[in-house]
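Asker: Here is a sequence with its predicted model. Questions after.
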Amino acid sequence: MTLALRQLEPELLDTLPAIDPRAQRSRRDLRLVNVLMGHRALLRRCLYKALGTQTPQSIVELGAGDGTLMLSLARDLAGAWSGVSVLLVDRQPAVQSATLAAVADIGWHIEYTQAELMYWLRQRPRVDVMLANLVMHHFNDTQLRELFSNLAEVTDLFIAAEPRRSMLALLGSKALGWLGCNDVTRHDAVVSVRAGFTGRELSNLWPEAADWQLTERPAGLFSHLFLAQRIGSQSDPG
């Protein structure tokens with residue numbers, strides 16, 4: 001099977017209600033997948049490198065899932081950044097009240113909204129930072145162009161951690177059963193890799209503008225990083 005071109009297929013988790021036991025188990029599996037891919041540390045490093053000690057007033061996580069990744073990031077960053085306002089956006093109502101309370105206990109303000117990302121972004125909220133973890137690969141190139149066009153209008157920093165479309169990542173996705181991941185996670189992991197990114201595929205879809213610095217590269221064994229920062233907004237993202 002070739003991985004030369006992206007192949008988009010429906011993911012099971014997107015079709016299951018948030019209260020479905022298989023969906024709940026898969027979301028727990030995804031916490032393990034994020035650990036294995038190192039996305040918490042990757043996003044934390046990117047945020048520090050891009051912003052330094054300058055505290056952002058607002059952060060939006062697109063496709064936030066159950067919100068536990070943002071909780072982990074808040075715990076990591078709270079020592080340097082205080083009083084940040086966070087908004088979690090997802091199409092499924094999967095965020096637990098305990099997760100929201102845990103972020104609030106850190107001293108950050110947090111809200112959650114259930115919405116389709118493409119529609120929500122057309123409302124053009126203005127925020128300092130937007131994050132996406134394992135989200136962009138759900139969209140085709142036409143959708144990504146529209147999404148990126150909207151993002152470029154409403155934020156100064158966008159960071160996405162995505163699956164890398166590679167044979168190593170595909171082999172890793174097929175090995176998740178050995179770690180006890182359920183059928184939903186095993187299916188979606190393979191589909192995600194086939195829809196993932198390589199090279200400069202995301203950079204080529206970002207709006208052409210001289211005031212943006214784009215970073216796109218492999219990250220770790222299985223991941224693909226994309227970072228867009230408006231020039232002059234903060235530190236050089238490198």
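Answerer: Looks like it came in fine.
Asker: Now do stretch 79-87: distance from first to last residue.
Answerer: Start and end residues of stretch 79-87 are separated by 20 Å (CA to CA, to the nearest Å).
Asker: how about the lowest-mean-pLDDT helix or strand in the chain: buried residues?
Answerer: Here the helix or strand of the chain ranked lowest by mean pLDDT, DSSP states H and E is helix 117-121, holding a mean of 90. Within helix 117-121, the residues that count as buried by 16 or more other CB atoms under 10 Å are 117, 120-121. Quick note: C-beta positions are derived from backbone N, CA and C, even for glycine.
Asker: residues contacting N34?
Answerer: Residues in contact with N34, defined by CB atoms under 8 Å, 6 or more residues apart in numbering, are 40, 69, 133-134.
Asker: related to what we said a few turns ago, could you dump the least confident helix or strand of the chain to CSV, C-alpha only?
Answerer: The C-alpha trace of helix 117-121 is given here as CSV (Å, rounded to 0.1, in the frame of the first residue of the first chain):
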residue,chain,number,x,y,z
LEU,A,117,-14.7,23.6,13.8
MET,A,118,-15.2,24.9,10.3
TYR,A,119,-18.4,26.7,11.3
TRP,A,120,-17.0,27.9,14.6
LEU,A,121,-14.0,29.5,12.9
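Asker: what helices or strands is it leaning on?
Answerer: When contacts are defined as 3 or more CB pairs under 8 Å, 6 or more residues apart in numbering; DSSP states H and E, helix 117-121 sits against helix 141-154.
Asker: after the helix it packs on comes which helix or strand?
Answerer: Per DSSP states H and E, the first helix or strand lying C-terminal to helix 141-154 is strand 157-163.
Asker: Now do that next one and helix 141-154, the angle between them.
Answerer: Here strand 157-163 runs at an angle of 150 degrees relative to helix 141-154 (axes from the mean of the first three to the mean of the last three CA atoms, to 10 degrees).
Asker: Tell me the one among the buried residues of helix 117-121 nearest to R230.
Answerer: R230 has its nearest neighbour among the buried residues of helix 117-121 in L121, at 16.8 Å by CB to CB.
Asker: residue nearest the centroid of the protein?
Answerer: N133 (1.6 Å; CA atoms, centre = their mean).
Asker: Got the phi and psi for it?
Answerer: phi -120, psi 110 (degrees, to the nearest 10).
Asker: ditto for Q123
Answerer: phi -80, psi -10.
Asker: can you check E11 too?
Answerer: Dihedral angles (degrees, to the nearest 10) for E11: phi -100, psi 140.
Asker: Quick check, pLDDT for it.
Answerer: With respect to pLDDT, E11 has a value of 95.
Asker: now Q54
Answerer: 88.
Asker: Could you tell me how many residues sit around it?
Answerer: Residues lying near Q54 (other CB atoms under 10 Å) number 12.
Asker: Now do it against L157, distance only.
Answerer: 11 Å (CB to CB, to the nearest Å).
Asker: before we move on, what about R40?
Answerer: From R40 to L157 the distance is 18 Å (CB to CB).
Asker: which of the two has more neighbours?
Answerer: Of the pair R40 and L157, L157 is the one with more neighbours under other CB under 10 Å, namely 23 against 20.
Asker: Could you list the low-pLDDT ranges of the protein?
Answerer: Residue ranges of the chain with pLDDT under 70: 1, 234-238.
Asker: Please report the residue range of the longest helix in it.
Answerer: In the chain, taking DSSP state H as the definition, the longest helix is helix 21-37.
Asker: how far does stretch 202-218 sit from the chain's center?
Answerer: On the basis of CA atoms, centre = their mean, to the nearest Å, stretch 202-218 sits 17 Å off its chain's mean C-alpha point.
Asker: Much appreciated, bye for now.
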